[in-house]
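**Student:** build me a model from this:
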Amino acid sequence: MLLTVRCALAFAVAAPVAAQPWREAAEARIERIRKAELAVEVVSADGKPAAGVPVRVRMMKPAFGWGTAIAGRFLLGEGADSEKYRRAILENFNMAVLENDLKWPQWERDRETPLTALRWLHTNGITRVRGHTLVWPGWRWLPRDLKELAGDPAALRKRVLEHIRDEVTATRGLLEDWDVVNEPYTNHDLMDILGQDEMAAWFQAAREFDPKPVLYLNDFNIMEAGGRDEKHRQHFYDTLRFLLDRGAPLGGIGIQGHFQETTPPEKILEILDLFAEFNLPIRITEFDFETDDETLQAEFTRDFLTICFSHPRVDAFLMWGFWEGRHWRSKGAMLRRDWSPKPNYRVWRELVHGRWRTQAEGVTEDGGAFRLRAFRGEYEITAGGRTVRGQCPGVVRVEGR
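**Tutor:** Residues are numbered from 1 along each chain as shown. Here you go, the predicted structure:
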């Protein structure tokens, strides 16, 4: 069987990366857990196995989530930059999250923008969208009237639950998951009044009004700061355990990643292994690396992507923005204000759209089958004069003409 596998890169591949024990182990895990067998069975018009038929296999959509935060109003805007913004999203990502538009104060000011943005994403093939965030429980991030209810816990509790009902119901069918609670270590004003158990009630309410989205706890400084913030990380671990012990329908772990210094890959793996104990999916929800050193930024992006993609519990990785013109920390972007690529963008393209996507050509064997190990996802397969869609892992039957 002749088999040719190639990767189509948007930019020249960077120089070879030095071999390191952690990297070699990560590459071996990627090969083992991110690939599976794809079999293409080709039959002739009379239903007999067809040998010697050329087959082309091309990944269309990966199973793994590669996403970004998006500014809803800019996404829907007019002008050359908004058009380039939309194009860059569709060319780079199969997953998204609205950066600010679904946060509680913004939602109450303008719900049409996020709802229209969510529909645009679905219409354009990005159906994997995160909801961020239902309750960010610090006064700074809540509508102003909530603080006025601090002396009336019953009214405050009702106000929060009504908000969850309102937003979850309005977005029903448009979101894959929800960050139900965001950053409780540094934002706990609501829990100080209503009690820690109230978080479990928020998860229960989110599940009641839409049973489909996976419900997440999301927090920062779990991996950042060189991995030294042990108190924050322990609080996150303890809060996850607390919610599960109280019967909260917690379905996933959201780990942010706003770096301003590097964390050793070995430490990142250790932290991922710690949270893997919960046997829940882990998502890297908000990655960026703010630094003036673009070479270091690209190298760490490569390392962080590699170690996360290699971990069996991680099922998605989202950048917290990609363009300098719409990024909360402009130095963390992958594309400059004039849309020229930075080194970290070249790393993104090389890995996500090159090495970790399968394109293969070959011919069917005597039994009419062409088999290969391919990255998991959706494929376009051409054989015997026909083109069909199929999934890896799986068996795809192509009936020749």
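
**Student:** from Asp288, how far out is Met334?
**Tutor:** Distance from Met334 to Asp288, counting by C-beta to C-beta, to the nearest Å: 9 Å. Any C-beta I mention is one placed from the backbone N, CA and C, and that applies to glycine too.

**Student:** state whether Val352 is indeed within a helix.
**Tutor:** Yes. Assessed with DSSP: H, G, I helix; E, B strand; the rest coil, Val352 lies in a helix.

**Student:** report how many residues lie close to it.
**Tutor:** 19 (other C-beta atoms under 10 Å).

**Student:** give me the pLDDT for it.
**Tutor:** Note on Val352: pLDDT of 98.

**Student:** isn't it up against Thr68?
**Tutor:** No. Val352 is not in contact with Thr68 according to C-beta atoms under 8 Å; the separation is 11.2 Å.

**Student:** shared neighbours of these two, which are they?
**Tutor:** Counting by C-beta atoms under 8 Å, 6 or more residues apart in numbering, the contacts common to Val352 and Thr68 are Asn92.

**Student:** may I see the buried residues of stretch 143-162?
**Tutor:** For stretch 143-162, a neighbour-count test (16 or more other C-beta atoms under 10 Å) marks 143, 146, 149, 156-157, 159-161 as buried.

**Student:** which one of those is nearest Glu399?
**Tutor:** Leu161 (54.6 Å; C-beta to C-beta).

**Student:** next one: stretch 185-203 to chain centre, how far?
**Tutor:** 26 Å (C-alpha atoms, centre = their mean, to the nearest Å).

**Student:** tell me what the host helix or strand of Trp120 is packed against?
**Tutor:** Applying DSSP states H and E as the criterion places Trp120 in helix 112-123. Applying 3 or more C-beta pairs under 8 Å, 6 or more residues apart in numbering; DSSP states H and E, we find helix 112-123 packed against helix 72-75, strand 95-98, strand 128-135.

**Student:** mind listing the helices for the stretch 1-150 of the chain?
**Tutor:** 21-33, 72-75, 80-92, 104-109, 112-123 (DSSP state H, counting those that start in this stretch).

**Student:** ignore the last one, the stretch 201-350 of the chain
**Tutor:** 230-245, 265-276, 294-309, 343-350.

**Student:** residues contacting the residue nearest to Asp145 when sequence neighbours are not counted?
**Tutor:** Closest residue to Asp145 apart from its sequence neighbours, by C-beta to C-beta, 6 or more residues apart in numbering: Arg159 at 7.8 Å. Listed by C-beta under 8 Å, 6+ apart, the contact set of Arg159 reads 145-146, 149.

**Student:** switch the cut-off to 10 Å
**Tutor:** Neighbour list for Arg159: 142-143, 145-146, 148-149, 152 [criterion: C-beta atoms under 10 Å, 6 or more residues apart in numbering].
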